[in-house]
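Engineer: Need the 3D shape of this:
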Amino acid sequence: MEKNKLEQNVKDETEKAFPLKIGLEIHGYLNTKEKLFCMCRTNGDEKPNSRICPICTGTPGSKPMAPNVEAIHKMIQIALIFGAKINYNNVIWQRKHYNWADLPKGYQITISGAHATTNATGGKFKGINLTELHLEEDPAQWNPDSGKINYNRSGLPLIEIVTEPEFSNSGQVAEWLKSLLLSLSYIKAVRKNAGIKVDVNISTYGERVEMKNLNSIEKIKNAIDYEIMRQLENYQNGIEQKRDTLAFDEKLGKTIKMRSKEGAADYRFITDPDLPIIKIDKKFVNSIKAEMPEMPDEKLSKLLNKYNVSEEDAKILTKNLELVEFFEKLIDAGVDVNKNMSWVTIELLRILNYNKKTLEDEDIDIRPEHLTELIKAIDEKEITILKGKQIMNDFIPRSFSIKEHKSEIKNIDDAAIENLCKQVIDENLHVVQDYKNGKSASLNFLIGAVMRLSERRADFKIVRDVFRRLLNE
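Structural biologist: Numbers count the residues shown, from 1 in each chain. From the prediction side, this is the model:
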């Protein structure tokens with residue numbers, strides 16, 4: 001029997017006997033301006049050890065400042081996405097002890113532990129129940145090859161989201177994580193381009209194992225698939241599955257044991273005496289709830305059912321909150337969006353992608369009212385589609401009202417088009433002869449010449465018709 005078929009048979013038969021359980025511990029860098037317990041910036045100079053102070057480097061005698069309110073704000077937003085129960089009182093910071101080169105104090109400050117009251121519990125997202133979510137600080141960045149440590153990352157505010165072990169396969173995990181990341185982007189909770197780190201817990205027939213620090217969805221999927229097969233094959237061979245901590249070697253495509261899995265007691269959790277108990281006011285939570293945007297599923301449903309947008313276009317629009325809200329403002333301004341959808345999903349995205357920008361970038365200011373003016377001018381045939389596309393190129397970094405440039409961009413009349421066509425014929429007699437000899441592509445060259453001379457203000461169809469009349473006379 002072929003190896004792949006044998007592996008599938010082993011997997012199918014074993015899964016019938018043992019329920020597969022997969023749970024996630026997701027770590028995301030919160031989108032704050034300062035670190036969790038000091039005033040060091042979270043972004044800026046990326047030179048190693050350029051954004052540090054005695055607090056985030058664990059200098060003896062230093063003490064943490066009060067926790068960053070912005071981080072608590074983001075934590076509440078994330079809890080609201082899940083519909084989790086927020087703990088308002090008696091939330092205590094803990095010291096989680098372990099020895100590792102990237103941990104300057106010898107412990108990590110976290111709101112977790114065997115007997116801790118975490119920031120929020122319960123809730124659900126896309127059919128998967130949430131166990132808890134909590135705040136903690138990130139350790140430093142250690143390079144095991146050079147032995148050097150970069151403390152820029154030390155003290156960055158992290159959110160940890162822990163799910164129940166309710167996933168049943170890697171594909172489900174991948175799609176769930178994509179949906180979660182999209183929702184987090186709507187509230188700008190997680191730092192852009194910082195990614196996530198995910199610990200995956202898997203159990204089949206024995207103790208669960210934990211795969212640490214998986215930092216891409218593809219890597220997570222591959223690691224899960226390999227680990228399931230490894231455990232099931234071990235069962236067939238009578239090998240006991242112990243509770244281990246594993247790393248996934250992407251080059252080898254396999255998991256490697258790091259150490260035996262620690263229990264809560266191994267971390268020697270104690271209350272941090274330097275930090276106060278967190279107390280959250282319900283009015284504060286309600287004010288955050290009132291400012292929450294509609295989530296991707298709500299936006300998608302509205303586009304499909306209220307505005308009759310095609311599913312393909314709706315999915316493109318809802319990938320970005322700024323884009324879908326931009327689109328909704330065009331609707332409010334009276335634009336026939338289904339007729340003019342390409343100006344958003346193609347042309348607007350074209351100029352942004354070409355310039356490697358997004359609508360949310362601080363140096364970009366493209367206003368819906370300016371695109372509305374442009375679309376309406378094209379619909380009313382005041383300017384050509386080609387001229388409209390050229391104008392959009394100039395909407396980066398800031399759009400403008402075309403009303404101020406009407407004399408420069410409005411269509412030229414039929415008489416002016418005919419004069420330009422005659423001029424191009426006189427200047428390109430050899431191309432004209434090629435056309436008369438049967439080279440139809442020569443007509444495109446002549447039309448292009450007129451479009452350039454008119455700065456795209458000539459109607460393409462009229463130019464083509466005029467050339468055909470003049471060349472056939």
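Engineer: And for residue 64, the neighbour number?
Structural biologist: Neighbourhood size, residue 64 [other CB atoms under 10 Å]: 19. The way it works is simple: take the backbone N, C-alpha and C, and place the C-beta from them, glycine included.
Engineer: and the nearest residue to residue 421 once chain neighbours are set aside, what does it touch?
Structural biologist: Closest residue to residue 421 apart from its sequence neighbours, by CB to CB, 6 or more residues apart in numbering: residue 466 at 4.8 Å. Going by CB atoms under 8 Å, 6 or more residues apart in numbering, residue 466 touches 414, 417-418, 421.
Engineer: tell me the secondary structure for residue 466?
Structural biologist: Per DSSP: H, G, I helix; E, B strand; the rest coil, the secondary structure class of residue 466 is helix.
Engineer: Pretty sure residue 424 sits against residue 451.
Structural biologist: No - because the distance of 10.1 Å does not satisfy CB atoms under 8 Å, residue 424 is recorded as not touching residue 451.
Engineer: These two: which is more packed in?
Structural biologist: Under the criterion of other CB under 10 Å, the comparison of residue 424 against residue 451 puts residue 424 first, with 22 against 19.
Engineer: pull the longest helix from the chain.
Structural biologist: The single longest helix within the chain, with elements called by DSSP state H, is helix 217-236.
Engineer: buried sites along that one?
Structural biologist: Buried positions in helix 217-236, judged by neighbour count with 16 or more other CB atoms under 10 Å: 217, 220-224, 226-232, 234-235.
Engineer: go on, stretch 316-328?
Structural biologist: Those would be 316-318, 320-321, 323-328, for stretch 316-328 by 16+ other CB under 10 Å.
Engineer: Just want the angle from the helix or strand hosting residue 174 to helix 217-236.
Structural biologist: According to DSSP states H and E, residue 174 maps onto helix 170-186. Orientation check (axes from the mean of the first three to the mean of the last three CA atoms, to 10 degrees): helix 170-186 against helix 217-236 gives 150 degrees.
Engineer: residues in contact with the helix or strand that helix 170-186 is followed by?
Structural biologist: Going down the chain from helix 170-186, the next helix or strand is strand 196-203, by DSSP H and E. The contact list for strand 196-203 (CB under 8 Å, 6+ apart) reads 20-28, 165, 173, 177, 181, 190, 208-215, 220, 223-224, 227-228, 231, 241.
Engineer: Just the buried ones out of those residues, please.
Structural biologist: Buried among the contacts of strand 196-203 by 16+ other CB under 10 Å: 20, 22-28, 165, 173, 177, 190, 208-211, 214, 220, 223-224, 227-228, 231, 241.
Engineer: can you confirm residue 133 is in a helix?
Structural biologist: No - Residue 133: not assigned to a helix; according to three-state DSSP it is strand.
Engineer: give the contact list for it.
Structural biologist: Counted by CB under 8 Å, 6+ apart, residue 133 has contacts 75, 78-79, 82, 84, 118-120, 159-162.
Engineer: What is the nearest of the buried residues of stretch 316-328 to residue 37?
Structural biologist: residue 321 (30.0 Å; CB to CB).
Engineer: Contact partners for that closest one?
Structural biologist: 185-186, 293, 299.
Engineer: sorry, back to before: now do the helix holding residue 174: which elements does it pack against?
Structural biologist: strand 21-29, helix 69-82, strand 124-125, strand 196-203, helix 217-236, helix 296-305 (3 or more CB pairs under 8 Å, 6 or more residues apart in numbering; DSSP states H and E).
Engineer: circling back: the longest helix of the chain to strand 21-29, inter-axis angle?
Structural biologist: 150 degrees.
Engineer: Following helix 217-236 in sequence, what is the next regular element?
Structural biologist: Defined by DSSP H and E, the subsequent element after helix 217-236 is strand 244-249.
Engineer: Mind exporting the C-alpha coordinates of that following strand to CSV?
Structural biologist: The C-alpha coordinates for strand 244-249 follow below in CSV (Å, rounded to 0.1, in the frame of the first residue of the first chain):
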residue,chain,number,x,y,z
ASP,A,244,5.3,17.7,26.3
THR,A,245,6.2,21.1,25.0
LEU,A,246,7.2,21.0,21.3
ALA,A,247,8.6,23.3,18.7
PHE,A,248,7.8,23.0,15.0
ASP,A,249,10.8,22.9,12.6
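Engineer: which parts of it are buried?
Structural biologist: Those would be 244, 246-248, for strand 244-249 by 16+ other CB under 10 Å.
Engineer: what pLDDT does residue 205 get?
Structural biologist: Listed pLDDT for residue 205 reads 85.
Engineer: now do residue 413
Structural biologist: For residue 413, pLDDT reads 72.
Engineer: for residue 145, same thing?
Structural biologist: Reported pLDDT for residue 145: 85.
Engineer: swap in residue 8?
Structural biologist: Residue 8 is given a pLDDT of 57.
Engineer: number of nearby residues for the nearest residue to residue 84 once chain neighbours are set aside?
Structural biologist: Once flanking residues are discounted, residue 84 sits nearest to residue 123: 3.3 Å by CB to CB, 6+ apart. By other CB under 10 Å, the residues close to residue 123 number 22.
Engineer: what do you get for the one 5 residues further on?
Structural biologist: Residue 128 sits with 20 neighbouring residues when counted by other CB under 10 Å.
Engineer: And the one 4 residues further on, by the same measure?
Structural biologist: Using other CB under 10 Å, the number of residues around residue 132 comes to 23.
Engineer: Is there a neighbour count for the nearest residue to it once chain neighbours are set aside? I'd like the number.
Structural biologist: If the residues on either side of it in the chain are set aside, residue 132 comes closest to residue 118, at 4.3 Å by CB to CB, 6+ apart. Residue 118: 19 surrounding residues under other CB under 10 Å.
Engineer: measure stretch 158-174 end to end?
Structural biologist: 21 Å (CA to CA, to the nearest Å).
Engineer: I'd like to check the angle between the longest helix of the chain and strand 196-203, please.
Structural biologist: 20 degrees.
Engineer: and residue 153, what does it touch?
Structural biologist: Neighbours of residue 153 in contact, by CB under 8 Å, 6+ apart: 138-141.
Engineer: ChimeraX command for the buried members of those?
Structural biologist: In ChimeraX syntax, the buried subset of the contacts of residue 153 is picked out as below (16+ other CB under 10 Å):
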select :138,139,140
